[in-house]
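>>> Need a 3D model of the sequence below.
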Amino acid sequence: MSQAFAKQKTVERADARTVAAAFPQNTALLEFAKISKINSKAKGKEPKWGPKHYLAFVVHAGIGGKVRLVNLGEADIIDKAIAGFKHSVADSAAGSEESQRAEISTYTRKLYSLVFEPIKKELGPVKEVFISPDGNLNLIPFEALHDSQGRYLIEDYTFNYLAAGRDIAGFGKIKEKAGRCLLMGNPDFDMSGEEKEIALTRLGLNRQNENQILKARRSGEMRGMRFAPLPGTRKEIEAIAGILGSEKAETFTGKQALSDVLATRRSPRILHIATHGFFLADQDITAFADSKDRGITTVKPLPIGKYDNPLRRSGLALAGANLSLQTENTDASDGLLTAEKVLGLRLGGTELVVLSACQTGLGDVKAGEGVYGLRRAITQAGAKGLVMSMWSVPDRETQELMTAFYRNLESGRYSRVQALRMAALEQMETVRNRYGNTNPFYWGAFVFLGEAK
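Numbering: from 1, shown residues only. I've put the predicted structure just below:
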């Protein structure tokens, strides 16, 4: 039996007691669910389903027989606050004034009141929390929420995100040797096909490497998109390489930041990619849902060619991406590392993937299913841990936070999740000194998901 198969079966069989037994001492699990309430008294044409609510299940380590349930109220109210938070962050990214920073604070305080305050009593003295969001709760970093005194949750809690609470039952089940760290950034998005051939030759690679492992189409809706250069990411990669050391890490930037390189590397200990992320909106297929005609249920067929594999609708841009986007041929996907391609990566021994890219935590959100995007694909490819951003962070602050994160990692004093938390706290102080405030736009975007050790 393969390690991956054994892990899958362990996770599938896990119940509340198994999960509680797997958590470290003095920790707890927050598992959220977005559900519709049933109106059991509905008659005739009265709606049988009430408004959706968010529920929070709290499980303490070693106490799986006692699951606490907290009803957080109507989901629409919480989702509107999340949407307001996202818009205020986007305005801050566009260079808005102090009023926008105040707006972010308004929503982070409101979300604290709606989502965290009701469950704080159930957590008790626990300060390390495993958290499995649902619905739009996937789109906010809990660390950035703050109470009425302006104290952020990151100052008191460590959050480790999970796709599902039972995932922890599979931690530590994969024993595969990891290779050298792999750092990629500042891709030459405008690289031509001829320049790629030269780069492949210099690297001793050929196109078969990618064709065999990462072959996949791209979404036709991407035609016309264009990625702007990210020169600041080169400094980020150089700083991280300096911390890790050349004997532990190899770097690929500019024309060498190729998806072909990823196809030839097996289980790098750390995979760090600093580039643009891309996300297309969910496709509306309601027009082709079930319909009833004289009591007979029929299903309208989906038009051929109009609907993508959802895994082609999110990904990362690497060298040569813009050339691929100039053609209508969706087979032209050089430089576009879609979530579908990520599934072909060999990350079984990889301890950590860091996506230092724009909004890599986002994706299509479905209640009960979580986020379908890069983070799910990377987990499925075998990576044990993942650091990703919820929104675009300016180059300088990203470089500073990432440098602090890797310094913390290499010190050996922190787990991976604690290394990120300490880096964010350090960045908060830098922001306070630089801008005279603690706007989470600059320090709160990055979250950790997976195995923390």
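
>>> Just say helix, strand or coil for residue 198.
Assigned with DSSP: H, G, I helix; E, B strand; the rest coil, residue 198 falls in the helix class.

>>> Residue 20 is in contact with residue 68, isn't it?
No. Taking CB atoms under 8 Å as the definition, residue 20 is not a contact partner of residue 68, at 11.9 Å. In short, each C-beta sits where N, CA and C put it, glycine included.

>>> Identify the contacts common to the two.
Common contacts of residue 20 and residue 68, defined by CB atoms under 8 Å, 6 or more residues apart in numbering, comprise residue 59.

>>> Check what pLDDT residue 2 gets.
Looking at residue 2, its pLDDT reads 60.

>>> nope, residue 453 is what I meant
At residue 453, pLDDT is 80.

>>> list the contacts for it?
415-416.

>>> what about it, distance to residue 384?
9 Å (CB to CB, to the nearest Å).

>>> can you check residue 236 too?
23 Å.

>>> cool, and residue 239?
Taking CB to CB, one finds residue 239 at 24 Å from residue 384.

>>> Please compare these two by neighbour count and tell me which comes out ahead.
residue 384 (24 against 16; other CB atoms under 10 Å).

>>> Can you report how many residues lie near the nearest residue to the more buried one once chain neighbours are set aside?
When the adjacent residues along the chain are set aside, residue 384 lies closest to residue 451, with 4.2 Å between them (CB to CB, 6 or more residues apart in numbering). Applying other CB under 10 Å, we find 23 residues neighbouring residue 451.

>>> wait, doesn't residue 451 sit right on residue 385?
Yes. Counting by CB under 8 Å, residue 385 is a contact partner of residue 451 at 5.2 Å.

>>> what's the overlap in contacts for the two?
351, 416.

>>> In the stretch 101-250 of the chain, mark out all the strands, start to finish.
128-132, 158-161, 181-187, 249-254 (DSSP state E, counting those that start in this stretch).

>>> again with the stretch 301-450 of the chain
314-317, 336-338, 352-355, 364-366, 370-372, 385-389, 446-450.

>>> which of those strands sits most buried?
strand 314-317 (a mean of 28; mean count of other CB atoms under 10 Å).

>>> Contacts made by that strand with the rest, please.
Contacts for strand 314-317 (CB under 8 Å, 6+ apart): 187, 189, 227, 273, 275-280, 335-342, 355, 357, 360, 362-363, 372-374.

>>> do that again at 7 Å, thanks
187, 189, 227, 273, 275-279, 335-339, 357, 363, 373-374 (CB atoms under 7 Å, 6 or more residues apart in numbering).

>>> Repeat that for stretch 250-261.
180, 182-188, 191, 195, 199-200, 203, 205, 209-210, 214, 234, 237, 241, 318-319, 335, 337.

>>> Can I have the buried ones of those as a ChimeraX selection?
Command for ChimeraX that selects the buried part of the contacts of stretch 250-261, burial taken from 16 or more other CB atoms under 10 Å:
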select :182,183,184,185,186,187,188,191,199,200,203,205,209,210,214,234,237,241,318,319,335,337
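
>>> follow-up on the earlier one: give me the buried entries from the contacts of strand 314-317.
187, 189, 227, 273, 275-279, 335-339, 357, 363, 373-374.

>>> related to what we said a few turns ago, what are the phi and psi angles of the residue nearest to residue 384?
With angles defined as degrees, to the nearest 10, residue 451 sits at phi -70, psi 120.

>>> How about residue 80?
For residue 80, the backbone dihedrals are phi -70, psi -40 (criterion: degrees, to the nearest 10).

>>> if we can go back for a sec, now the strands of the stretch 301-450 of the chain as TSV including mean pLDDT?
Listed next are these as TSV, based on pLDDT from 0 to 100:
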stretch	mean pLDDT
strand 314-317	86
strand 336-338	88
strand 352-355	95
strand 364-366	48
strand 370-372	43
strand 385-389	93
strand 446-450	94
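
>>> Do I have it right that residue 123 meets residue 28?
Yes. Counting by CB atoms under 7 Å, residue 123 touches residue 28, with 5.7 Å between them.

>>> so what's in contact with the two at the same time?
With CB under 7 Å, 6+ apart, residue 123 and residue 28 have common neighbours 58, 129.

>>> between the two, which one's more packed in?
residue 28 (23 against 16).

>>> quick one: what helix or strand has the more buried one in it?
Using DSSP states H and E, the element containing residue 28 is strand 27-38.

>>> May I have the strands that pair with that strand, each with its orientation?
strand 49-60 (antiparallel), strand 128-132 (parallel) (DSSP bridges).

>>> Need the mean per-residue confidence for the last one.
Averaging the model's pLDDT scores along strand 128-132 yields 95.

>>> by how many degrees do that strand and strand 446-450 diverge?
80 degrees (axes from the mean of the first three to the mean of the last three CA atoms, to 10 degrees).

>>> where does this structure have low pLDDT?
For the chain, the stretches with pLDDT under 70 are 1-15, 64, 93-98, 170, 172-174, 206-223, 280-309, 328-333, 358-372.

>>> how's it carved up into domains?
Domain ranges of the chain: 3-170, 181-450, per automatic domain parsing.

>>> ok, residue 448 touching residue 390?
No. In this structure, residue 448 is not within contact of residue 390 by CB under 7 Å, at 12.0 Å.

>>> Would you mind measuring from residue 254 to residue 191?
The value you get for residue 254 to residue 191, if CB to CB is used, is 8 Å.

>>> Let me see the ranges of the helices in the stretch 301-450 of the chain.
All helices of the stretch 301-450 of the chain, identified by DSSP state H, counting those that start in this stretch, fall at 321-325, 339-342, 374-380, 395-411, 416-435.

>>> Can you get me the centre-to-centre distance for the first one and its chain?
Relative to its parent chain, helix 321-325 has a centroid offset of 24 Å by CA atoms, centre = their mean, to the nearest Å.

>>> next one: the fourth one
Its chain's average C-alpha position is 18 Å from that of helix 395-411, according to CA atoms, centre = their mean.

>>> The closest residue to residue 450 other than its chain neighbours and residue 168, how far apart?
Of all residues not flanking residue 450 in the chain, residue 385 sits nearest, at 3.9 Å (CB to CB, 6+ apart). For residue 385, the distance to residue 168 (CB to CB) stands at 13 Å.

>>> on that earlier part again, now do the buried residues in the strand holding residue 28.
In strand 27-38, counting by 16+ other CB under 10 Å, buried: 27-35.

>>> how about it as PDB, C-alpha atoms only?
Output of strand 27-38 as PDB, limited to C-alpha atoms (Å, rounded to 0.1, in the frame of the first residue of the first chain):
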ATOM      1  CA  THR A  27      -4.800  23.300  21.000                       C
ATOM      2  CA  ALA A  28      -8.300  23.300  19.500                       C
ATOM      3  CA  LEU A  29     -10.100  23.000  16.200                       C
ATOM      4  CA  LEU A  30     -12.500  25.500  14.800                       C
ATOM      5  CA  GLU A  31     -14.500  23.900  12.000                       C
ATOM      6  CA  PHE A  32     -17.000  26.100  10.200                       C
ATOM      7  CA  ALA A  33     -20.000  25.000   8.100                       C
ATOM      8  CA  LYS A  34     -22.300  27.100   6.000                       C
ATOM      9  CA  ILE A  35     -25.700  25.400   5.900                       C
ATOM     10  CA  SER A  36     -29.300  26.200   5.200                       C
ATOM     11  CA  LYS A  37     -31.900  25.900   8.000                       C
ATOM     12  CA  ILE A  38     -34.800  23.600   7.300                       C
END
